[in-house]
Structures are given as structure tokens and as C-alpha cells.
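Participant: My questions concern the predicted model and sequence given below.
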Amino acid sequence: MKAIIFRSHGGVENLRYEDIPAPTPAADEVLIRVKAVSLNGFDPMILNGTTSLKTPFPMSPGGDFSGEIVALGSSVNNGIWKLGDRVCPYPYIEGRGMMGETLPGACRELVTMPAGNLLRMPEKLSFIDAAALPIAYGTARRMIETRGAIRSGEKVLILGATGGVGTCCVQLAAAAGAEVIACGSAEWKLGKLQQIGATHVIDTSQEDMLKVVYQKFGKPRYMGGGGVDVVVNYIGGNTWVPSLKALRHQGRLLVCGATAGYAPAEDLRYVWSFELQIIGSDGWTYEDQTELMNLVVQGKLKPVIHSARPLSETPQALQELMDRKVFGKSVLTMTD
Ligand SMILES: NC(=O)c1ccc[n+]([C@@H]2O[C@H](COP(=O)([O-])OP(=O)(O)OC[C@H]3O[C@@H](n4cnc5c(N)ncnc54)[C@H](OP(=O)(O)O)[C@@H]3O)[C@@H](O)[C@H]2O)c1
């Protein structure tokens, strides 16, 4: 079978499009013919080797995927799962890890998966839309709805709003009735942010985020007024302290990652003086993923797809992600 493989850390030049042996499902697993797979912010980090996670070489990128069942392990209940069933698996396998991080990713024509991780795709959901959802959209849903409890009328400032998690945060916060202030690093991304629900946009390559927030909403005051209600920040690094300074008294800072550095400078004065809440959010549930698929077929959510192109073009797609030239999700598809 064809696969995108890397055997050591480095840049996209380490990626090979080659034939490798097809896997055989264990008793409790199914074999899935992959139809679409999407990339996430962690894929370049795993390829580059900049995380503390141990990479299982030979490795493939791609944590999210959709496909069709083509074989059942001997103990899989064939009353529930059948050949040809369309599935979008939950990519974290209990006790083994996350696909694309500590398990090989799905940039492969065939993938095995425990039957317990399978989620059935609604009939009208496309393989491409399904593959865009699990990690980024699941994480965004948990952060905006479950952990963040974003309410109608709240001012929500979203950093790195142009990525996979970010675009979905914009969509979900806007759907909840929030006034969304979305940050992107290039002019071409700003109009797209408005199209998916942002009320205000900030071009971080040209403008000082905090200055814009103060101009629009006023400087936060100890006794209330000014600033935004919520900041969504998975960038970390030098964006952390400005995020604290953008929040109103008793504002909330939601965090699920740290693309630009997990040990940023801190300013505790803002945390206590303004009684801020720092709220962590991690992962998502099977119910989140199911609900997201339903929202898409009901027409209430449209995954933001940057591009959908053949698996062999994974290196170009990963390079674009590294160069911050992506808006939404990059998807790779299989040609039968
Ligand atoms: N805890 C969890 O369960 C969980 C799950 C999924 C993701 N995450 C984390 O969430 C974050 C976003 O993931 P994603 O898949 O949405 O990534 P992504 O698609 O790469 O998007 C991240 C966005 O951040 C901005 N960005 C990229 N590099 C940056 C840098 N060095 N400094 C500042 N901004 C930068 C880019 O927007 P601009 O260029 O427009 O600024 C980019 O669109 C990552 O840190 C990831 O690890 C956590």
C-alpha cells in the first residue's frame, strides 16, 4: 500500500511517498481503507522532533481520518460493524496514544483501528468534511462550550484564529452569539475570518493586538469595564502577558496548547488584581465528535477546508502549515 513515511526528524525533505506492507487487524480491530486524512498543528512538530514525545519510526503524519471498513478482526461484533461501513474514528487509542503523535498517523492507504474507537459517519457527511473534524473541531468544541461556557453577548478574543482549532473556535463562539475578535497574521486571512463569523479582525503582522483591544473596548479597570470577557490562547510565548492585559475584571483565559512556547513570561499581578480565571482544556469526547458530525449534516457547521489534494502532496501541505499559509484544515485524499 502507498504511504507517506519518515524515518528520522527534520523537514519535509524527510518525507517519502512509498509502498509499505499492508497491516493486518488484531482480533479486536478493523482494517480501514482511508479516504481522507487531515493535518494538524502538531504534525510539523512531530516531523521536526520538537516535542518531548517519542516518535515510533517509520512514522506517518495525520491524526484525523475517515474511511471504509474493509476487514474485521475475529472478535469484532459483525452485527454492529460490516464491510463497507463509513467511519470516522476517535484517534486517541487508550493505553497506546494519539495517531500521528505516538502512533503512526493515517497518511496511509490502509489503517487498523480498535472497533471501540469507531464512530459511524452520518450518511450525508463527506469523507473530506469528516476527516477535518476530530482533533481540531473536537478540541474547539470542548474549549468554547464545555470548559469556556461562552455566552451570547460576550466579547471573545481568539489568537491564531486562522488555524484548525481557531477557525472552529470562531464559528462556535459566533454561533453562541459572542462578539468575536479574531487574530490572523496575514491580510488575506482577515476577510475569511469575517466570513466565518468574526465581528472584528486584527492583523497581527501589522497591528499591536493589545492596542487594538484597548482602542475598541477600553483599558480594563479594576472595578469593571474595558477589555474583553474571554481570551482564547493556544499560542503562549510572547502572547501570554498581552492576553492577561486584554481581559476585563474576572475575565477568562482559555488555553489548550502553546504553539510558540509553553513556559512564557508571566505577570501574576494581573491574575490577582483582575481576579482572572485561567481555564485549561484538553481533548474532546466521543459525544463531541458525534455531535460535530451531526451539526455538519444539519447544515449548522461547515468545516473550513483550506485544500483537499492527493496524498502524494503531503509534503507541500505540511510545508504550507509550517509557513503559516493555511486557513482552516489541510486535507489529503486517496485516489482509488
Ligand atoms: N490540548 C489539546 O487537546 C489540543 C488539541 C489540538 C490542538 N491543540 C493545540 O492547539 C494549537 C492549535 O492547533 P491547530 O491544529 O489549530 O494548529 P494550526 O492549524 O497550525 O493553527 C495554529 C495557528 O496559530 C498561528 N501560529 C502558528 N505558528 C505560530 C507561532 N509560532 N506564533 C504565533 N502564532 C502561530 C497561525 O495563525 P497565524 O499565522 O494567522 O497567526 C496558525 O493558523 C496547537 O498549539 C496545538 O498543539 C491542543
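Facilitator: In hand now; what should we look at?

Participant: what kind of secondary structure is the most centrally placed residue in the chain in?
Facilitator: The centre of the chain sits closest to Ala136, judged by Cα atoms, centre = their mean, with a distance of 2.0 Å. Put simply, Ala136 is helix when judged by DSSP: H, G, I helix; E, B strand; the rest coil.

Participant: Would you quantify the distance from the closest residue to it other than its chain neighbours to Ile5?
Facilitator: Nearest non-adjacent residue to Ala136, counting by Cβ to Cβ, 6 or more residues apart in numbering: Gly164, 3.2 Å away. (C-beta placed from N, C-alpha, C; glycine too.) Plainly put, Gly164 is 23 Å away from Ile5 if you go by Cβ to Cβ, to the nearest Å.

Participant: With Met45 instead?
Facilitator: Distance of Met45 to Ile5, given as Cβ to Cβ: 18 Å.

Participant: Who has more neighbours out of those two?
Facilitator: Between Met45 and Ile5, counted using other Cβ atoms under 10 Å, Ile5 has the larger neighbour count: 20 against 15.

Participant: re the thing from before, isn't the residue nearest to the centre of the chain up against Thr162?
Facilitator: No - using Cβ atoms under 8 Å, Ala136 makes no contact with Thr162, being 11.9 Å away.

Participant: Just the pLDDT at the closest residue to the ligand within the chain, thanks.
Facilitator: Relative to the ligand, the nearest point of the chain is Gly163 (1.8 Å; Cβ to the nearest ligand atom). According to the prediction, Gly163 has pLDDT 98.

Participant: Who are the contact partners of it?
Facilitator: 41, 136, 326, 328 (Cβ atoms under 8 Å, 6 or more residues apart in numbering).

Participant: Which one (most neighbours) among the residues you listed?
Facilitator: Ala136 (27 neighbours).

Participant: re earlier: any idea which of the contacts of Gly163 is closest to Asn294?
Facilitator: The closest of the contacts of Gly163 to Asn294 turns out to be Ala136 (Cβ to Cβ; 17.2 Å).

Participant: Now do the same contact list for the closest one.
Facilitator: Residues near Ala136 by Cβ under 8 Å, 6+ apart: 38, 40, 64, 163-165, 168, 329.
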